[in-house]
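Engineer: One predicted model, sequence on top.
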Protein chains: 2
Amino acid sequence: MDRIARIDMGAAGGPKVTFEEVGEYAGLGGRALTSLVIATEVHPLCHPLGAENKLIFAPGMLSGTTGSMTGRLSVGCKSPLTGTIKESNAGGQAAQVLARIGYAAVILEGKPAGDDLYKIIINKDGITVEVDNSLQLMDNYPLVEKLRKEYGDKVAYITIGSAGERQLLAASIACTDPELRPTRHCGRGGVGAVMGAKRVKAIILDDAGMKMRPAKEPEKFRDANRKFVEGLRKHPVTGEGLPAYGTNVLTNVLNEAGGYPTRNFKGGVFEGSAKLSGEAQAELEVKRGGTATHGCHRGCVIQCSGIFNDKDGNYVTKQPEYETVWSHGGHCGIDDLDTVAKLDYMDDNFGLDTIEMGVTIGVAMDAGLAEFGDREAAIRLMEEVGKGTPLGRVLGCGAEITGKVFGVEKVPVVKGQALPAYDPRPIQGIGVTYATTTQGADHTAGYAIATNILKVGGDVDPLKTEGQVELSRNLQIATAAIDSTGMCLFIAFAIMDQPETFQALLDMLGAFYGITMTGDDVVALGKKVLSAERDFNKRAGFTKEHDRLPRFFYTDPIAPHNQTFSVPDEELDQLFNW
Amino acid sequence: MDRIARIDMGAAGGPKVTFEEVGEYAGLGGRALTSLVIATEVHPLCHPLGAENKLIFAPGMLSGTTGSMTGRLSVGCKSPLTGTIKESNAGGQAAQVLARIGYAAVILEGKPAGDDLYKIIINKDGITVEVDNSLQLMDNYPLVEKLRKEYGDKVAYITIGSAGERQLLAASIACTDPELRPTRHCGRGGVGAVMGAKRVKAIILDDAGMKMRPAKEPEKFRDANRKFVEGLRKHPVTGEGLPAYGTNVLTNVLNEAGGYPTRNFKGGVFEGSAKLSGEAQAELEVKRGGTATHGCHRGCVIQCSGIFNDKDGNYVTKQPEYETVWSHGGHCGIDDLDTVAKLDYMDDNFGLDTIEMGVTIGVAMDAGLAEFGDREAAIRLMEEVGKGTPLGRVLGCGAEITGKVFGVEKVPVVKGQALPAYDPRPIQGIGVTYATTTQGADHTAGYAIATNILKVGGDVDPLKTEGQVELSRNLQIATAAIDSTGMCLFIAFAIMDQPETFQALLDMLGAFYGITMTGDDVVALGKKVLSAERDFNKRAGFTKEHDRLPRFFYTDPIAPHNQTFSVPDEELDQLFNW
C-alpha cells in the first residue's frame, strides 16, 4: 500500500504504466483516496466517458490486513450517470488482494483510440496490460470462467460485462467472491461504463508471494480486532439478523413501517411482501441446498450473504440483497423470489446495478411497456439489455433516461440516480440523505433507516422532520470515514450502539498505523472526504437546487401515512454546514 | 390584446377556461410576456411534463396590426429538453390571428388525468375545449387536412404531430402558413412535448368578425411602417440575399469561412456544400415549378422562404432553412437537397425541431448506427421517430439523450440543446452565445454571425476572442427585445446597419402604444427579459458551470483554422454583468 500505479490507456504506442509513491495521498484509503484524487486531478466539467476522466481502484486503509471486515474496494470517477463525483464500493476478494500486492491505488487514465479491448494483470512483479479481443462482449460469468482457465483460482478478478463495454450508464464493475463468482459489484453510478470507455475488460489480481500487511503494533492490533469481532457478534443486527436472513430481513420491517415503495413509488405497503421476505428467502435457500449464511470475502464475520439455488438445486445467484429484492420485486409489483433471483443473476452477468435496473423496469412498466407484476415481461426487458438492442440500451442507461425516452413524469431519481428501497415520505431521514449526498440518491451514504426505523444509534421519529438533517449529517460524515477504512458499512450498527466496539475500531486503525486515533479523527476524516466531494460537485455545476427530491415527493402524499416529504429546503441546505 | 386566457387542463370535471385583464403583464408581448409569466408563476424545479409547468402562447407587441413583419408567435414554458426557461417563436399566421381575437396570451395550465386528447377553439365568442380522440397520433399534415374540413381555410392552426403527443423532447409546435401548411415551427426546446403532456393536439384560431388592432396614433404608425419597409428593402441582406436565396444563402458563406460543421463537428469545410447551397436550392425550386421567394405570414416583405417540389413538380416541403440544410446535410455528410427536403417534410409532419433532429442523426451516425453520407439510412432513422419505436423515441429525444444511450462522447449540445450550424471554434462570437444564452445552444439568441461573418453592425474578427462577449451581450439584449415585439428577427440586419430603420421601428412601437420609445427603452426591455430568464434558470439550478461549451470544443482544434474555442471562462461569466 505504499505505491500508486497509473495506467495511461491513451498513451501513444499503447497503454503505459507508471508508478509513484503515495505522496500527498499517504495514509488515505478507499473512498478518501478515490475522492481526493478525483477532486484534485479530474476536470469537473470533463465528459465522464472521455479521456480526461480517471477511474481509481483503492483498497481501504485496513484492507489486506488480518483485520476482520476489511474487504471493501472503492472505485471512484466522475460518474456518467450523475455527473457528480462517485465512489462505489464492493466486497469480494479484490480489495484484500490488491492491498497485499502493495498498491494504495491503481488509476486508469486516458482512453485508447482504437477498438482493442484490454486486460490488466497485476502481481508481485508489476503490471502488464495486454490486448485481448477474444473477450469482446462477454458477460461476467462466462468471462470469469474463461479467465480462470488462464489465470487460475488463486487470484481475484475485477471485470465488466457487456453493459460496461457498451458504456451503459447503469453498468457496474464486478469483483469475484471467495468462490470466484462475479457477484460483488461496485454497482452505483455507472462506474462500469467508465471502465468500458477505457476499454479495460478485466483486471487480474494475483497476490502470490505477497504477505498480509503488517500492523505497526501487531499485538495491540490483534487485541483490538478480537474485541471488534466480539462486538459485531453480540449486536442483534450484525450478530443475528444479518447472518440469519441477510439484508432482506428488512422487507417485513419496511413494509410494516409503510415505507416500502411499491409499483414505482405509488404506495408504501406491498401485499406480496411476505413472499419476498428475508425469512421466506432463507427458508427457500436452505431447502434447496443453498445456504442463507455466506461471506462475500475472507475475514467477514457477519456473513450476511447466501446462495440461491433453483428448485432443482442448481446455483442461480448469490443471495439477492434487500434492495435488489425490492427493486425487482415490490417496485415492479412482482412477488416471486425466483424471478428476483433470475434478474439478480442477469444484473451480475451483464454487469449492471441491481437498484438502478429494478427501478428502471418499474419506470418502464409505468410507461406502459409492461404490466406491473408481469414476471416474464421483467425478464424480457432485462434480456434486451443483454442483447444491446436500442430498447435495452435505454433501460441500461437507467431510470432517468428511460423516463425521458418514454415520457414518464414521476421518476424516482436524485442527480440522475435511482432511489433505493425506502420511501422518503414516511421516512424523512433517508430523504435527507437522498437529497443531499454527494453521490446522487444513495441509502448507504447516510443510512438514516438505522435510527429512523431500526432504532440503532438512537431514535428519531421517521414521520417528523425534526432532527433528520442532524441525523443524516452525522451518518454521512461517519460513512465517508468508514468507506475509507475498507470496512464493510454493516459494522456501523455495532459501533453506533456499542462504544467499546467503536473504540476497538479506533484501536485497530491506531495500532495498524502506529498512531493514536480518536473519534474526532474519524469525524475529521469524514468531513475531509465530504468537503472534497462537495467541492468537486460545485465545480461541476451542482447547487442547492440539485439537493432536492423530485417534485412528486413534495406534492403527492403516499399511503398509509399520507405524508409528503417535508423537510424544509433551508434545513437541507444546512447539512454540510458543520 | 387586453386579455389573458387561462385554460386549466387539469381542472376537476374537465378543462376550465378563465379570463383576466393583462394586469401586471400589460404592455408586454411575445418573449417578454412568456418569460415573465414563467419566471413569476412556474416552480423552477417542477417537472417540465408535469401539471406545474405552464405553456404560454403570446403574440408580439405589434402582432395583429398592419405593421410589417409582425407575425411571430412566442411559446414559452420550462423546457423538457434543457430544463431552462424556454421561448421558442415561429412565423405563420397564428400570432396575427390570436392578437386580433384579442388575447395577449393563452396559458395552458395543469394536466388532465386521463388519456383523452383535446382541441381548443378560440374565436370572437370565446374559447371552447373539446375532446377529440379521433386526432390521436395524427401527424401535422394529415391533421391540418382533417381540421380544415371542419374549420375551413380562414383560420390559423397550431398543432402537434405524433412526436409532441409522445412527449419526445425534440417535439415542436407547428403553426400554419398563409396556405395552411403546418410548416412554421416553434422548434426548439421540446415545447411540443409540453403541449402533448397537456393533451392538447390542436388550437384553432378564428378571427372572423375581428379587426386589425388599431394604433393609438394611426398616421404616425403608417408613416413609420412605410419607412421601416423601405429600410428592409434597401439593405442587401433583407432586400436581396434573403428574398433571392433564403437563409440557405449562408451555406457557401459559412463553408468559405471554415465554420461549417461537418460530420458531427469533425471539420469546418464540407466538400459537398455547393450541392446544398442556397443558390443551387433556388435554381432547383424554380426549375421544378416551386418558388424561391415566399412569405411565411401575411405582411412579410422579406419573403425569405420558398416552395420545394420534387422532380415531378409535386410539393415536398417549404424551402428548408439554412440550419436544416446543414443539420440534415453537411452535419451528416449528406450532399443531396432532395434528401434534405424529404427529412424537412418529415420533421414538419411528425412535429420535430429540424436542428435537433439533424444533429441527432449525425450523433447516431457517429455511434455507428449508419455511415456518414448514407441518405437512405438518415430517412430510415427518421421513420423510426414517426413510428415511435424505442430507437425512434431515443432519436426524438434529441442529441444529448442519443449520445448517452449510444455511448457517444462528443455530443454538440449546451444545456441539453443541439448546437446549430456554426462552429464556435472558428467563429468565437457564436460560441459565446451558445454557452451563455438562457435557452441552451441557440444561434438566434444572439446571432454573432452577423458581425463575425456577415459584417453587419460592425466587424469583429471571428477567430479572435476580443470583443466577442460584448458583441454577444449586445445581440442577446437586442434579440430579447425584438422577440417581444412580434417582429421577425431578420429585421435586425437592417436596423443594425441603418439608424433610420431602427428609428422607424421605435416610431412604430411608440405610435402604436401612444408613447415615446427610445433605443434605451429597447435595451431596458431586453435586459428585463434576460434578467427574468436568468433568475428562473438560477432557481432551476443553473450556474456559470453550465455556461460552457462541451469540453471537446476546448480540447479538439478543427480544420482549417485549427483553433479551439478559447474565450476565457471569466469573460463568459461577465456576459450578464451589464
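Structural biologist: Good, I have the coordinates.
Engineer: how far does stretch A:396-409 stretch from start to finish?
Structural biologist: 19 Å (C-alpha to C-alpha, to the nearest Å).
Engineer: what about A:Lys342, distance to B:Gly91?
Structural biologist: 56 Å (C-beta to C-beta, to the nearest Å). The C-beta positions use only the backbone N, C-alpha and C, and glycine is treated the same way.
Engineer: Who has more neighbours out of those two?
Structural biologist: B:Gly91 (24 against 21; other C-beta atoms under 10 Å in any protein chain shown).
Engineer: contacting residues for the more buried one?
Structural biologist: B:71-73, B:175, B:177, B:184, B:296-297, B:300, B:488 (C-beta atoms under 8 Å, 6 or more residues apart in numbering or on different chains).
Engineer: Out of the residues you listed, which is nearest to chain A?
Structural biologist: Closest approach between these and chain A, by C-beta to the nearest C-beta: B:Cys175, at 23.4 Å.
Engineer: ok, that closest one - contacts?
Structural biologist: Counting by C-beta under 8 Å, 6+ apart, B:Cys175 touches B:73, B:90-95, B:156-158, B:182, B:184-186.
Engineer: Now for those residues: which two are most distant?
Structural biologist: B:Ala95 and B:Pro182 (15.1 Å; C-beta to C-beta).
Engineer: Spatially, what comes nearest to A:Ile127 if we skip its sequence neighbours?
Structural biologist: Distances taken as C-beta to C-beta, 6 or more residues apart in numbering or on different chains put A:Val17 closest to A:Ile127, at 4.7 Å, once the chain neighbours are dropped.
Engineer: So that neighbour, which state does it fall into?
Structural biologist: Three-state assignment for A:Val17 (DSSP: H, G, I helix; E, B strand; the rest coil): strand.
Engineer: returning to what we had before: so which of the contacts of B:Gly91 belong to strands?
Structural biologist: If you go by DSSP state E, these have B:73, B:175, B:184 in strands.
Engineer: Quick check, A:Gly398 in contact with A:Leu169.
Structural biologist: Yes. With contact defined as C-beta atoms under 8 Å, A:Gly398 counts as touching A:Leu169 (5.2 Å).
Engineer: So for those two, which sits in the more crowded spot?
Structural biologist: A:Gly398 (32 against 28).
Engineer: ok, A:Glu500 to A:Asp507 distance?
Structural biologist: Counting by C-beta to C-beta - A:Glu500 and A:Asp507 are separated by 10 Å.
Engineer: So for the two, which residues contact both of them?
Structural biologist: A:Lys227.
Engineer: Which one of the two is surrounded by more residues?
Structural biologist: Looking at A:Glu500 and A:Asp507 with other C-beta under 10 Å, you find the greater number of neighbours at A:Asp507, namely 20 against 12.
Engineer: Dump the helix or strand hosting that one to CSV, keeping only the CA atoms.
Structural biologist: Per DSSP states H and E, A:Asp507 falls inside helix A:499-513. What follows is helix A:499-513, C-alpha atoms only, in CSV (Å, rounded to 0.1, in the frame of the first residue of the first chain):
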residue,chain,number,x,y,z
PRO,A,499,-19.0,2.4,22.5
GLU,A,500,-16.5,-0.3,23.2
THR,A,501,-16.8,-1.6,19.6
PHE,A,502,-16.2,1.8,18.2
GLN,A,503,-13.2,2.1,20.4
ALA,A,504,-12.0,-1.3,19.1
LEU,A,505,-12.2,0.1,15.6
LEU,A,506,-10.2,3.2,16.6
ASP,A,507,-7.6,1.0,18.2
MET,A,508,-7.3,-1.2,15.1
LEU,A,509,-6.6,1.9,13.0
GLY,A,510,-4.3,3.3,15.6
ALA,A,511,-2.4,0.1,16.1
PHE,A,512,-2.1,-0.6,12.4
TYR,A,513,-0.6,2.8,11.6
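Engineer: and it, what does it pack onto?
Structural biologist: helix A:218-234, helix A:491-497, helix A:519-539 (3 or more C-beta pairs under 8 Å, 6 or more residues apart in numbering or on different chains; DSSP states H and E).
Engineer: now the ones you listed as TSV including distance to chain B?
Structural biologist: Formatted as TSV, these follow (distance: least, C-beta to the nearest C-beta, whole Å):
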stretch	distance to chain B
helix A:218-234	42
helix A:491-497	32
helix A:519-539	7
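Engineer: Redo those helices as JSON lines? Include distance to A:Asp336, mean neighbour count and mean pLDDT.
Structural biologist: What follows is the helices and strands packed on helix A:499-513, written out as JSON lines (distance: least, C-beta to C-beta, whole Å; neighbours: other C-beta atoms under 10 Å in any protein chain shown; pLDDT from 0 to 100):
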{"stretch": "helix A:218-234", "distance to A:Asp336": "33", "mean neighbour count": "18", "mean pLDDT": "97"}
{"stretch": "helix A:491-497", "distance to A:Asp336": "30", "mean neighbour count": "24", "mean pLDDT": "95"}
{"stretch": "helix A:519-539", "distance to A:Asp336": "39", "mean neighbour count": "19", "mean pLDDT": "98"}
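Engineer: Among the ones you listed, single out whichever gets nearest to A:Val413.
Structural biologist: Closest among the helices and strands packed on helix A:499-513, using C-beta to C-beta: helix A:519-539, at 16.0 Å.
Engineer: among the contacts of B:Cys175, which are in helices?
Structural biologist: B:94-95 (DSSP state H).
Engineer: Quick one, which of the contacts of B:Cys175 are buried?
Structural biologist: B:73, B:90-95, B:156-158, B:182, B:184-186 (16 or more other C-beta atoms under 10 Å in any protein chain shown).
Engineer: okay, these in a markdown table with pLDDT next?
Structural biologist: Shown next, in a markdown table, are the buried ones among the contacts of B:Cys175 (pLDDT from 0 to 100):
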| residue | pLDDT |
| --- | --- |
| B:Leu73 | 98 |
| B:Ala90 | 98 |
| B:Gly91 | 97 |
| B:Gly92 | 97 |
| B:Gln93 | 97 |
| B:Ala94 | 98 |
| B:Ala95 | 97 |
| B:Ala156 | 98 |
| B:Tyr157 | 98 |
| B:Ile158 | 98 |
| B:Pro182 | 98 |
| B:Arg184 | 98 |
| B:His185 | 98 |
| B:Cys186 | 98 |
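Engineer: Put the alpha carbons of stretch A:342-361 into CSV.
Structural biologist: In CSV, the C-alpha atoms belonging to stretch A:342-361 read as follows (Å, rounded to 0.1, in the frame of the first residue of the first chain):
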residue,chain,number,x,y,z
LYS,A,342,-33.1,-14.7,-12.1
LEU,A,343,-33.0,-10.9,-12.6
ASP,A,344,-30.2,-10.6,-10.0
TYR,A,345,-28.2,-13.1,-11.9
MET,A,346,-28.8,-11.2,-15.1
ASP,A,347,-27.7,-8.0,-13.5
ASP,A,348,-24.5,-9.6,-12.2
ASN,A,349,-23.8,-11.3,-15.5
PHE,A,350,-24.4,-8.3,-17.8
GLY,A,351,-22.7,-6.1,-15.2
LEU,A,352,-25.5,-3.8,-14.0
ASP,A,353,-26.6,-2.0,-10.8
THR,A,354,-29.5,-4.0,-9.4
ILE,A,355,-31.1,-0.9,-7.8
GLU,A,356,-30.9,1.1,-11.0
MET,A,357,-32.2,-1.7,-13.2
GLY,A,358,-35.1,-2.7,-10.9
VAL,A,359,-36.2,0.9,-10.6
THR,A,360,-35.8,1.3,-14.4
ILE,A,361,-38.0,-1.6,-15.1
